[in-house]
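*Asks:* build me a model from this:
(one chain, ligands or ions: 1)
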Amino acid sequence: MILNTELEYKGNLFPSKIISYEKNRDTLTFTCENNVALQVTVIRDSVLRFRFSTTSIFEKDFSYAITKYASRGYNFLEVTEDDTNYIIKTSKLTCHIHKIDLRSAIYDAKDNTLICEDELGFHWEESYHFGGDIVKMSKTAQEGESYYGLGDKPTDNNLKGKRFENWVTDSYAFGKHTDPIYKAIPFYTALHHDKSYGIFFDNTFKSEFDFCQERRNITSFWAHGGDMNYYFIYGPQMSDVVANYTDLTGKPHEMPALWTLGYHQCKWSYYPESKVKEITSKFRELQIPCDAIYLDIDYMEGFRCFTWSKEYFPEPKRMVKELADQGFKTIVIIDPGIKIDKDYWVFQEGLENDYFCKRADGPYMKGKVWPGECYFPDFTNPKVRDWWSDLFKELVEDIGVKGVWNDMNEPAVMDVPGKTFPDDVRHDYDGNRCSHRKAHNIYGMQMARATYQGLKKFSYPKRPFVITRAAYAGTQRYTSSWTGDNVASWEHLNIANVQAQRMAMSGFSFVGSDIGGFAEQPNGELYARWIQLGVFHPFCRTHSSGDHGDQEPWAFGKNITDIVRKFIELRYQLLPYLYTAFWRYASEGIPILKSLVLFDQEDRHTHHRNDEFIFGEKILVCPVNAPNSRGRRMYFPRGNWYNLWTDALVEGGQELWVDADLDTMPIFIKEGAMIPKYPVQQYVGEKEIDEVTFDVYFKLGKESSQLYEDAHDGFDYIKGRYSLRDFNLIGKDKEVIIQQYKSGKYDAPYQSFKLEFHGVPFKIEKVSIDKEGFVCEDIVLNGETSIVVDKNFREIRITGK
Ligand code: GLC
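*Replies:* Now for the predicted structure:
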C-alpha cells in the first residue's frame with residue numbers, strides 16, 4: 001500500500017565512476033556505475049562532441065543545426081589512460097576524462113595550457129513537471145576569461161557577468177538587455193590567455209547560459225529537456241573558432257545574388273500600387289541607388305498568404321514587371337499563420353493533407369495573428385516543407401517576385417501570455433515526434449528552410465533570396481535575417497551595431513537592422529547616422545512601421561537626403577569588396593563583420609569594445625552614435641590606418657578623437673589594402689562595368705588583398721566560373737610592387753583596372769608592368785594619381801627617387 005505520494009526532491013544528480021570504456025572509430029563511450037554515459041566524438045582535431053545520457057541509452061541522433069556538409073576527420077587520435085584519467089589526444093587538443101566522476105579538462109596539445117575545465121561538469125535534475133531531465137553543465141572560468149556570441153542578444157559584446165535564455169520570442173520594441181528576443185543561437189566563444197575556444201550547445205529546448213553571473217568564476221549552461229549535447233571547438237584564434245562553428249552548422253548554401261547586397265527599401269506597408277510606384281520612381285528621380293522594394297502584409301487579400309489584394313494590387317504580374325523595368329526587385333512578406341477560411345485554397349490544402357500543427361489532445365493549434373484566427377503548418381514535417389515550397393510557384397515563376405520575407409515565425413501568436421504556441425503542441429520534427437518545448441526554437445528556421453526550398457526551385461537559374469526573423473543555429477544556410485522590431489532611438493542604433501557584430505560572430509553574417517528604427521520615428525540626424533552604420537551591414541534595409549511617419553531617404557529634408565545618397569553610393573561602390581567578403585564567408589566561414597576582439601584578440605583593449613568593427617578584412621568602421629556629435633573617440637586596433645576621407649595615417653593601439661560632422665563618419669582603411677570599387681549604379685546591373693577601380697594604400701611591408709567575382713547571379717560559379725584575384729602589395733622606401741595571381745574560369749567583361757594610389761611617400765620615376773617599363777615623368781603619386789592597367793597584369797613595379 002502506498003502511504004505517502006509526496007515526491008522526494010532529488011536535487012542535482014551526478015555521474016559516478018567510470019566502469020567501462022569503448023572505442024568505436026572516432027567515438028569513445030564511457031559508462032559509469034550509475035548508468036550515466038558519455039560519448040566523445042572526435043569531429044576534427046580541434047572539434048570534440050560531448051553527448052551524455054543519464055540511462056546509457058542514446059536516442060536517435062538528429063540535429064537541425066549540424067549540416068551534412070560539415071568537415072569531418074582528424075590527423076591524429078590516440079587514447080591512453082593513467083590512474084585518474086582517460087586521455088584523448090589529437091593534433092590540437094588533449095582531453096582528460098576523470099575516471100571518478102566523468103569530468104573533463106581540455107588542454108592545448110602544443111603547450112599544455114588549460115583551455116576549458118569542468119567544474120561540476122555534467123549533472124542533471126529530474127523535471128517533475130514535464131518528465132525527462134533538466135540537463136546541466138558547469139565549467140570553471142579561467143582568469144580573465146571573456147565571452148562573446150550567442151546570436152542576437154541586445155547587450156554589450158562581452159557577455160561576462162550576464163545570464164541569458166534561448167527561446168525565440170516576438171519582441172516588439174525590445175530594449176537594451178531584453179532577453180530572450182527573436183533568435184536562439186546557443187553558441188559562444190570564450191577567450192583567456194590569448195587563446196579562444198567555443199561551445200555550441202546543440203539542444204533546441206529552452207536553454208540558458210550563465211557567464212559568471214551566479215558565481216563569479218563559473219560558467220554554466222543548461223536546458224529544460226533533451227540531451228546534454230555540446231561541441232567544443234578550439235581555436236586558439238577566435239576567427240578559427242567561428243569558422244569551425246560555421247563549418248559545423250553550415251555556410252550559406254550559395255552566394256547571394258549581388259543585387260541582394262544593394263540597398264533595400266521597406267515599410268509597413270507601401271500600398272496601393274500607385275504608392276509603391278511613387279516610392280520607386282522617387283528613388284530614380286533623386287538618384288538614390290536602390291535594388292529592392294518590399295510589400296508588407298497589406299498586399300494580400302485579408303492577410304491570406306499567397307493571395308493579392310484585388311483592390312490595391314489588381315495586376316501584380318504587370319506591376320512586378322514594371323518595377324523590374326525600373327531595376328527594382330519585388331520582395332513580399334509571407335507569415336506562417338494560415339487564415340481559417342473554408343474558401344481559401346491554402347487553408348483547404350493544409351486541412352485536407354493534415355499539414356497543420358495539433359494540440360496534444362487532438363484539435364488543431366488555433367491562434368490569432370494578422371489574419372485573425374489561424375492554423376499553422378508544421379514546418380518540421382518534410383512533407384509540409386515540400387508542400388509549402390510548391391506554394392511559391394505562382395509568386396516566383398509567374399508573377400516574378402524575387403525574394404520572400406518570413407516574419408512572425410517564432411511562431412508569434414497574439415493575445416496570449418507566452419506570445420507563442422502552448423508547450424503541448426505536437427510536431428513531426430522530421431520523424432522524431434515531439435512537443436513544442438523541443439520544436440519551438442527551430443520552428444521559424446524550418447519555415448525559412450521550406451521557403452528557401454521554394455525560392456530555390458522557382459527562381460532557378462537565378463539564386464534564391466529569403467529573409468527571416470526567427471532563427472536557430474544553422475539558419476544561415478538558407479536565408480538572411482534582420483534584427484526585428486527595434487526602435488528609432490540612439491540606444492537602438494548602438495544595439496543594432498552590436499547585434500550585427502554578434503550575429504556575425506555566431507556564424508550568421510547576412511544580417512542587418514531596420515535602419516532608422518521600426519517603432520517610433522527618427523529625426524533626420526538619427527536616420528543619417530543609422531544609414532552610415534547600415535551601409536556597413538551585410539543586409540541593408542530601411543524599414544519602419546507606417547503609423548509613425550515616413551522613413552524614406554528624402555523624408556528629412558535635402559541635407560539629409562544628400563548624406564544618405566552619399567553613403568548608399570559608397571555602399572554600391574564597395575559592392576565588389578563586400579561580395580568578396582561574402583565569398584570568404586560562404587566558402588570559409590569567415591564572418592563578414594569582425595568585432596575588434598575577433599580581429600585582434602591578443603590586444604586586451606579589444607575585449608570590451610562595442611562600437612568599432614572591421615567590415616570585411618580591411619575597413620575599420622565606427623558609427624557616430626550620439627546626437628549633436630561632430631566626431632567621437634574611438635579605438636584603433638593595432639596596425640596603421642588611413643582615414644578614408646583625408647588619407648591621414650593613424651597609428652593603431654590607441655584611442656583617439658576623430659572628426660565626423662553629420663555628412664561623414666569614421667572610416668579607416670588598413671595600410672597596404674587594395675579596395676576594389678565599382679562605379680555608382682542606381683541598381684545592380686544598371687551599368688556594364690567597364691573598369692574596376694582599386695584604392696591602393698601604401699604600406700612599408702607586405703599586405704595581401706583579394707577580389708572575387710562571378711556572374712553575380714546564377715550557379716555557374718559552382719562549376720568553376722568564378723574569378724579570384726589574389727594581390728600582394730610590397731612597399732619599400734622607394735618602391736611599390738603589386739603582384740597578382742588569378743584563378744577560376746570566369747572572365748569579367750571589363751578589361752582594365754584603375755589603380756588609385758594613396759599615401760605613396762616618394763616621387764615616382766618609373767612604372768613597369770610585367771617587366772615592360774616605361775618612364776612616367778609627370779606622375780606624382782600623392783593620393784590623387786592613378787594608373788590604368790590591363791586586369792590580367794602579373795606584376796607592377798613602381799619606383800621612385
Ligand atoms: C512584424 C515585423 C515587421 C512587420 C510587421 C507587419 O512586426 O517584425 O517587420 O512590418 O510585423 O507585417
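*Asks:* can you check the pLDDT for the residue in the stretch 451-600 of the chain that the ligand sits nearest to?
*Replies:* Nearest residue of the stretch 451-600 of the chain to the ligand, counting by CB to the nearest ligand atom: Asp485, 4.6 Å away. C-beta coordinates here come from the backbone N, C-alpha and C atoms, glycine included. Asp485 carries a pLDDT score of 98 in this model.
*Asks:* so which helix or strand takes in it?
*Replies:* Secondary-structure assignment from DSSP states H and E places Asp485 in no helical or strand segment.
*Asks:* which residues touch it?
*Replies:* Applying CB atoms under 8 Å, 6 or more residues apart in numbering to Asp485 gives the contacts 171-174, 514, 518-519, 545.
*Asks:* ok, which of the residues you listed also contact the ligand?
*Replies:* When CB under 6 Å from any ligand atom is applied, no member of the contacts of Asp485 is adjacent to the ligand.
*Asks:* reformat the residues you listed as a markdown table; add neighbour count, distance to Tyr299 and secondary structure.
*Replies:* A markdown table is the format used below for those (neighbours: other CB atoms under 10 Å; distance: CB to CB, whole Å; DSSP: H, G, I helix; E, B strand; the rest coil):
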| residue | neighbour count | distance to Tyr299 | secondary structure |
| --- | --- | --- | --- |
| Ser171 | 22 | 25 | coil |
| Tyr172 | 13 | 21 | coil |
| Ala173 | 16 | 24 | coil |
| Phe174 | 23 | 26 | coil |
| Asp514 | 27 | 19 | strand |
| Phe518 | 26 | 18 | coil |
| Ala519 | 18 | 21 | strand |
| Ser545 | 21 | 16 | strand |
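*Asks:* returning to that earlier point: quick check: the residue of the stretch 451-600 of the chain closest to the ligand vs Met408, distance?
*Replies:* The gap separating Asp485 from Met408 is 11 Å, by CB to CB, to the nearest Å.
*Asks:* same thing with Arg794?
*Replies:* For Arg794 relative to Met408 (CB to CB), the value is 54 Å.
*Asks:* would you point out the helix or strand in the chain whose mean pLDDT is lowest?
*Replies:* strand 772-775 (a mean of 68; mean pLDDT, DSSP states H and E).
*Asks:* distance from the chain centre to the longest strand along the chain, please.
*Replies:* Among the segments of the chain that qualify as a strand by DSSP state E, the longest is strand 114-126. Taking the mean of its C-alpha atoms, strand 114-126 sits 29 Å from the chain's own mean (CA atoms, centre = their mean, to the nearest Å).
*Asks:* ok, the residue of the stretch 251-400 of the chain found nearest the ligand to Gly484 distance?
*Replies:* The stretch 251-400 of the chain approaches the ligand most closely through Trp268 (3.5 Å), counting by CB to the nearest ligand atom. Distance of Trp268 to Gly484, given as CB to CB: 13 Å.
*Asks:* which positions in the stretch 151-300 of the chain make contact with the ligand?
*Replies:* 268, 296-297.
*Asks:* name the nearest of these relative to Asn643.
*Replies:* Closest to Asn643 out of these is Trp268 (38.6 Å), distances taken as CB to CB.
*Asks:* thought the closest one was touching Leu295?
*Replies:* No. Between Trp268 and Leu295 there is no contact under CB atoms under 8 Å: 10.0 Å.
*Asks:* these two: who's more crowded?
*Replies:* Taking neighbours as other CB atoms under 10 Å, Trp268 and Leu295 compare with Leu295 leading, 27 against 19.
*Asks:* what about the nearest residue to the more buried one once chain neighbours are set aside, how many neighbours?
*Replies:* Of all residues not flanking Leu295 in the chain, Val332 sits nearest, at 4.7 Å (CB to CB, 6 or more residues apart in numbering). Other residues within reach of Val332, judged by other CB under 10 Å, total 24.
*Asks:* paired strands for whichever helix or strand Val332 is part of, with orientation please.
*Replies:* In this assignment (DSSP H and E), Val332 forms part of strand 329-334. With DSSP bridges as the test, strand 329-334 is paired with strand 292-295 (parallel), strand 403-406 (parallel).
*Asks:* so what's the residue count around the closest residue to the ligand within the stretch 1-150 of the chain?
*Replies:* Residue of the stretch 1-150 of the chain nearest the ligand, by CB to the nearest ligand atom: Leu150 (20.9 Å). When neighbours are defined as other CB under 10 Å, Leu150 has 26 of them.
*Asks:* wait, isn't it in contact with Phe164?
*Replies:* Yes. The criterion here is CB under 8 Å, and Leu150 meets it with Phe164 at 6.0 Å.
*Asks:* overlap in contacts of the two?
*Replies:* Shared contacts of Leu150 and Phe164, defined by CB under 8 Å, 6+ apart, comprise Phe209.
*Asks:* so what's the most centrally placed residue in the chain up against?
*Replies:* Per CA atoms, centre = their mean, the C-alpha nearest to the average position across the chain is that of Phe508, at 1.9 Å. By CB under 8 Å, 6+ apart, Phe508 lies in contact with 151, 185, 471, 475-476, 481.
*Asks:* wait, what's in contact with Glu612?
*Replies:* Contact analysis of Glu612 by CB under 8 Å, 6+ apart lists 596, 620-622, 634-637.
*Asks:* and which of those is nearest the ligand?
*Replies:* Val621 (25.2 Å).
*Asks:* I figured that closest one hits Ile667, correct?
*Replies:* Yes. If you go by CB under 8 Å, Val621 and Ile667 touch, sitting 5.6 Å apart.
*Asks:* quick check: Met414 vs the ligand, distance?
*Replies:* Distance check for Met414 against the ligand: by CB to the nearest ligand atom, to the nearest Å, it reads 11 Å.
*Asks:* quick one: contacts for that residue?
*Replies:* Applying CB under 8 Å, 6+ apart to Met414 gives the contacts 367-369.
*Asks:* can I get these in TSV including secondary structure and neighbour count?
*Replies:* Shown next, in TSV, are these (DSSP: H, G, I helix; E, B strand; the rest coil; neighbours: other CB atoms under 10 Å):
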residue	secondary structure	neighbour count
Gly367	strand	23
Lys368	strand	14
Val369	strand	23
